[in-house]
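1. Build me a model from this:
(chains A, B, C and D)
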There are 4 protein chains.
Amino acid sequence: MPPITPVDAPLAGPIGKRRWAIAEGYIPDGSTGEGPEFESHETLCILNAGEQPARVRVTLFFADRDPAGPYGIDVPPRRTVHVRFNHFENPPVPRGLTYASVVESDVPIVCQHTRLDSRQAELALLSTIAFSEG
Amino acid sequence: MPPITPVDAPLAGPIGKRRWAIAEGYIPDGSTGEGPEFESHETLCILNAGEQPARVRVTLFFADRDPAGPYGIDVPPRRTVHVRFNHFENPPVPRGLTYASVVESDVPIVCQHTRLDSRQAELALLSTIAFSEG
Amino acid sequence: MPPITPVDAPLAGPIGKRRWAIAEGYIPDGSTGEGPEFESHETLCILNAGEQPARVRVTLFFADRDPAGPYGIDVPPRRTVHVRFNHFENPPVPRGLTYASVVESDVPIVCQHTRLDSRQAELALLSTIAFSEG
Amino acid sequence: MPPITPVDAPLAGPIGKRRWAIAEGYIPDGSTGEGPEFESHETLCILNAGEQPARVRVTLFFADRDPAGPYGIDVPPRRTVHVRFNHFENPPVPRGLTYASVVESDVPIVCQHTRLDSRQAELALLSTIAFSEG
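-> All right, here's what the predicted structure looks like:
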């Protein structure tokens, strides 16, 4: 295969939807390995490929309590932001409890959800595109 | 990155579809590790972000026998419920056999499917959004 | 949570699409662990939730050779069939080479793709819903 | 189950969309295991099931810098190409940094994204279908 290099063509423009949902959510309570990259965590990946800033709001749903949020995340134009649910504050996301999330934006974005589970010595990964509409 | 905290905006409202399908299904027969969180299992994650209770029905399909169910799961308004296929009863889901599932609800929901496989010393994970329509 | 048991309601009916595609495909060349369940493999999960038999055709695409197939798989009504790409014959799917697949059916079905990689002592898993249309 | 062999039917034709997005992107910085197949990497799987060549353009988005590309990849008719983001050049994809990608094609294609993480002794995998439109 030839090397993969830039070609003379325009960069991609906006893509996505304004509403996304992730039914799975669980930050494992416990970690092995050194440093933040091996801490058990869940990440929300947001891509804003457009020219306008994205004002993103994340609502969290639980099994036995009322929803929390919406947490605010600003994604600048032409940028991607990968945030850990571990870093949400006031209130934080409880460890070892199931939750779900709905992500809303004022401009089209794309969302994906990933978990790294390092409770055991060798890490495990899962990821999926979120459900979208609108 | 600044801390991710709640902002003054409304919580997310209903999102999803009424019919979902998961073609993959397999509860590994065997586990290592201690406690229910490390038992090999498959989870159905259901998010009901709306104001009405969701009456959810799960039909199981198999390779060599007639479908089972529908199993009933009630998801309260503004809640998420993560249920293990391991906990279905009358009949239970057989271990080590392939199956598939169709999830139906009277209000819009979002579904995701996750497996934790702990047959070997270090767990493995898979997850995907389910197929949706309607 | 109360036990999850069958309720008095009709079983789910047909769901899905007639054309599916999986861009990822790779049967790892090598395995550890005992027995067929720990052999490195890729599985195509097909759900036919309807009352008519599904005549399914799988075409394989490669990097450097012409497509192969279509391989025929019959999925009875109200059944799921999980087949390993490892078991395709005339020709078989080469190990350690990349491929992709398109799945076509005469009735609506749902498809999912899973890999178990056991080249190292502790297995790894991936799975995703396939792309669908039509 | 009977052997899965070719049947007398036409091969599958074109399928897919022209615009795809992957919000997750991260090439782990570090590897264990021998040879390129165990190097930590991310793969973009592209299927072109149609009769026309696909001229594919990949734009990369980052957290703190301007987008890069578009990188050019030609996918011949009736072929699949699986390229590693590790092999992009001028500039290369930075290791250990988050990114996202938008894939555009002049004909319908199907895209999937996979990561193999071998920073620890036993590899982990994730994969998901990309978001599509158009």
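
2. only C-alpha atoms for contact and neighbour calcs from this point on.
-> OK.

3. got a list of what the closest residue to chain D within chain A touches?
-> For chain A and chain D, the shortest gap (CA to the nearest CA) falls at residue A:6, measuring 3.9 Å. Shown in contact with residue A:6 (CA atoms under 8 Å, 6 or more residues apart in numbering or on different chains): D:69-72, D:89-90.

4. From the residues you listed, list the ones also adjacent to chain A.
-> D:69-72, D:89-90 (CA under 8 Å from any CA of the partner chain).

5. Could you see whether chain B lies near the helix or strand encompassing residue A:126?
-> According to DSSP states H and E, residue A:126 maps onto strand A:124-129. Yes - Strand A:124-129 lies within reach of chain B by CA under 8 Å from any CA, at A:124-129.

6. where does residue A:37 fall, phi/psi-wise?
-> phi -70, psi -20 (degrees, to the nearest 10).

7. re the thing from before, who's the residue of chain A closest to chain D bridged to?
-> residue D:71 (DSSP bridges).

8. So what's the predicted local confidence for it?
-> At residue A:6, the model reports a pLDDT of 96.

9. Direction included, what does the helix or strand of chain A with the lowest mean pLDDT pair up with?
-> When the helices and strands of chain A are compared on mean pLDDT, DSSP states H and E, strand A:124-129 comes out lowest with a mean of 77. Its sheet considered, strand A:124-129 pairs with strand A:99-117 (antiparallel) by DSSP bridges.

10. can you map out the strands along chain A?
-> A:17-22, A:41-48, A:54-62, A:68-75, A:79-84, A:99-117, A:124-129, A:131-133 (DSSP state E).

11. Just the mean pLDDT for the first one, thanks.
-> Mean pLDDT, computed over strand A:17-22, is 96.

12. How about it and chain B, any contact?
-> Yes - applying CA under 8 Å from any CA, one finds strand A:17-22 touching chain B at A:21-22.

13. Can you list the strands that that strand pairs with?
-> Here, using DSSP bridges, strand A:17-22 pairs with strand A:99-117 (antiparallel), strand A:131-133 (antiparallel).

14. Give me the contacts around it.
-> A:100-111, A:113, A:130-134, B:15-16, B:110, B:112.

15. Then the last one?
-> Outside of strand A:131-133, the residues that reach it under the criterion CA under 8 Å, 6+ apart are A:17-22, B:15-16, B:110, B:129.

16. The residue of chain A found nearest chain B: neighbour count?
-> Nearest to chain B, among the residues of chain A, is residue A:71, at 3.9 Å (CA to the nearest CA). Residue A:71 has 23 neighbours, counted by other CA atoms under 10 Å in any protein chain shown.

17. is it true that it touches residue A:55?
-> No - between residue A:71 and residue A:55 there is no contact, the gap being 10.6 Å when judged by CA atoms under 8 Å.

18. Count the residues that sit near the closest residue to residue A:125 other than its chain neighbours.
-> Closest residue in space to residue A:125, ignoring its immediate chain neighbours: residue A:116 at 4.8 Å, by CA to CA, 6 or more residues apart in numbering or on different chains. For residue A:116, the neighbour count with other CA under 10 Å is 23.

19. List the beta-bridge partners for residue A:116.
-> Going by DSSP bridges, residue A:116 forms beta bridges with residue A:41, residue A:125.

20. What's the separation between the residue nearest the centre of chain A and residue C:133?
-> The residue lying closest to the centre of chain A (CA atoms, centre = their mean) is residue A:44, at 0.7 Å. Distance of residue A:44 to residue C:133, given as CA to CA, to the nearest Å: 27 Å.

21. Ok, residue A:99 next?
-> 31 Å.

22. between the two, which one's more packed in?
-> Taking other CA under 10 Å, residue A:99 and residue C:133 do not tie; residue A:99 has more neighbours (26 against 12).

23. can you pull the contacts of that one?
-> Residue A:99 touches A:23-26, A:60-63, B:80, counting by CA under 8 Å, 6+ apart.

24. from these, which is closest to chain C?
-> residue A:63 (10.2 Å).

25. neighbours around that closest one, how many?
-> Residues near residue A:63, counting by other CA under 10 Å, number 18.

26. And residue A:30, by the same measure?
-> 14.

27. Hmm, it is touching residue A:119, no?
-> Yes - with contact defined as CA under 8 Å, residue A:30 reaches residue A:119; the gap is 5.2 Å.

28. Between those two, which contacts overlap?
-> Residues touching both residue A:30 and residue A:119 by CA under 8 Å, 6+ apart: residue A:40.
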